[in-house]
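Trainee: from the sequence below, what's the structure:
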Amino acid sequence: MVFGGSSHPALSAEICADLGVPLRSVRLTRFANDCLEVQLQANCRERDVFVIQPLGPPVQENLVELLLMLDAARGASAARVTAVLPYYAYARSDKKSMPRVSIGGRLVADLLVTAGASRVLAMTLHSPQVHGFFSIPVDHLHALREFADHFSGLDLTSGVVVSPDLGNAKNAAALARRLQVPVAAGAKERLNDEKVTISSIIGDVEGRDVIVLDDEIARGTTMMELLDRLAERDARSARIACTHGLFSDGALKRIASHPLVREIVSTNTLPTAEAGVAADLRVISIAPALAEAIRRIHEGESVSALFAS
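Mentor: Model prediction:
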C-alpha cells in the first residue's frame, strides 16, 4: 500500500506507475485553529505501507503531515510502515556548530520513529552520520548511477569531477570512477547560512571540463564561490549536478548565468519551482530507483544490490 503526501504528488504518482500499483488517497483537513488531520483512504490492516513525503518547503508543514500519516498507518494496524524520504531537510542539522543549539536531524529522526515509522528509505542524506540518527533500519540510496548515465554521453577526455568540499569528496570520487575521470575537491569553510569561502581547490582543473557534484543546492552560495575559484584556475567549462535542487532566492538563474556553466542537472526529489527560469536545467527522475527499492524492501530482497556497478 503506497500513500503520498502533499509535498510532491507528481513524484509519488511516478513511483506508483513504475511499481504498477495504485497511489492510495489521503484526506488532509485543516481546522479553524490551524491544526491538521490526516485520514488514509484505504485499508492498511496487516499491510506493508509506504508513505512518500519529501521534506521540502514548507518543511514544518510537510513534516507534521508526514508524522500524522505515519501515526494513522500505525493506528490502522499496518504490519510495517516505511517512511520514504526522497529529501530529508533536517539532515543538514547534523552537529553542534555552536553552544546550545539543537541537532535537528537526530530529533526529527526520533519523531519519525515515535510517530510510527518502522523503516526509512532516504535519498542522498547530507552526511553519513545522519544514517546513525535513526534507531530503525535505513536504506540510503544515491543518484550516482543516474548522473553517470547522463554524463557518459559527453566527451570526457578532459573531464574532472569536483566536489565543493571535502565532506562530499567520497561521492565525487565514486562518480569519477564511474566516468573514469580524475577527481578534485574544494577546501570550503562555511561562515554562516549565506556566506562560504573556498580557499583552494585540491586537484588539477586547469583547462578541464568540470562536473561539479553536490548533494543539495539551496541559495547557491557554495556553488557560486566554487565557480569563481574554478574560473581563477582556468577551468574550461562547468556542468553542475545536484541531487536536491531547492534553488531558492533565484539561485538557479544566478548559477546558470555564470560564464563557465554549460548545464545544470538535478533530480526530482523536490518539485523544481524555478524550472522555467533557466533553459540549462535538466531534471532527471529518480522515481525508478525509489520504486525498485520499495519493491525490494517489500519482497525482502537486497537494496544494496542496486549500487552494484
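Trainee: what's the closest non-adjacent residue to Ala10?
Mentor: Pro271 (7.0 Å; Cβ to Cβ, 6 or more residues apart in numbering). The C-beta positions use only the backbone N, C-alpha and C, and glycine is treated the same way.
Trainee: my guess is that neighbour is in a strand, correct?
Mentor: No - counting by DSSP: H, G, I helix; E, B strand; the rest coil, Pro271 is not found in a strand; it is coil.
Trainee: so it touches His8, yeah?
Mentor: Yes - counting by Cβ atoms under 8 Å, His8 is a contact partner of Pro271 at 5.5 Å.
Trainee: shaky segments in the stretch 1-150 of the chain?
Mentor: Scanning the stretch 1-150 of the chain for pLDDT under 70 picks out no residues.
Trainee: all the helices of it, residue numbers only.
Mentor: 9-19, 59-75, 104-115, 144-151 (DSSP state H, counting those that start in this stretch).
Trainee: how about CSV for these, with mean neighbour count and distance to Arg239 added?
Mentor: What follows is these, written out as CSV (neighbours: other Cβ atoms under 10 Å; distance: least, Cβ to Cβ, whole Å):
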stretch, mean neighbour count, distance to Arg239
helix 9-19, 19, 24
helix 59-75, 20, 29
helix 104-115, 18, 30
helix 144-151, 19, 7
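Trainee: now do the contacts for Ser6.
Mentor: Counting by Cβ atoms under 8 Å, 6 or more residues apart in numbering, Ser6 makes contact with 26, 28, 62, 65.
Trainee: follow-up on the earlier one: just want to know which of Pro271 and His8 has more residues nearby.
Mentor: His8 (22 against 17; other Cβ atoms under 10 Å).
Trainee: contacts only, for that one.
Mentor: His8 neighbours (Cβ under 8 Å, 6+ apart): 52-54, 56, 86, 268-271.
Trainee: from those residues, which is closest to Ile294?
Mentor: The closest of these to Ile294 turns out to be Ile52 (Cβ to Cβ; 8.8 Å).
Trainee: so that closest one bridges to which residues?
Mentor: Taking DSSP bridges as the rule, Ile52 bridges to Gly4, Val84.
Trainee: returning to what we had before: list the residues that contact both of Pro271 and His8?
Mentor: Gly56.
Trainee: before we move on, the earlier item: tell me which two of the contacts of Ser6 sit farthest apart.
Mentor: Farthest pair in the contacts of Ser6, by Cβ to Cβ: Val26 and Asn62, 12.6 Å.
Trainee: need the residues touching each of those two.
Mentor: 5-6.
Trainee: need phi/psi at the spatially most distant residue from the centre of the chain.
Mentor: Distance from the C-alpha centroid of the chain peaks at Ala32, with 33.7 Å (Cα atoms, centre = their mean). When read as degrees, to the nearest 10, the backbone of Ala32 gives phi -60, psi -30.
Trainee: any regions of the stretch 201-309 of the chain where pLDDT drops low?
Mentor: Ranges of the stretch 201-309 of the chain meeting pLDDT under 70: 273-279, 308-309.
Trainee: which parts of it are helices?
Mentor: Using DSSP H, counting those that start in this stretch, helices in the stretch 201-309 of the chain cover 221-232, 251-256, 287-299.
Trainee: right, and those - which one's nearest Pro22?
Mentor: Of all the helices of the stretch 201-309 of the chain, helix 287-299 comes closest under Cβ to Cβ, at 13.5 Å.
Trainee: contacts for that closest one?
Mentor: Contacts of helix 287-299 (Cβ under 8 Å, 6+ apart): 2, 11, 14-19, 48, 50, 52, 82, 84, 86, 119, 121, 123, 139, 141, 143, 145-146, 268, 301-303, 305-306.
Trainee: and for the closest residue in space to Ser266 that isn't next to it in sequence, the neighbour number?
Mentor: Closest residue to Ser266 apart from its sequence neighbours, by Cβ to Cβ, 6+ apart: Gly245 at 3.2 Å. Applying other Cβ under 10 Å, we find 29 residues neighbouring Gly245.
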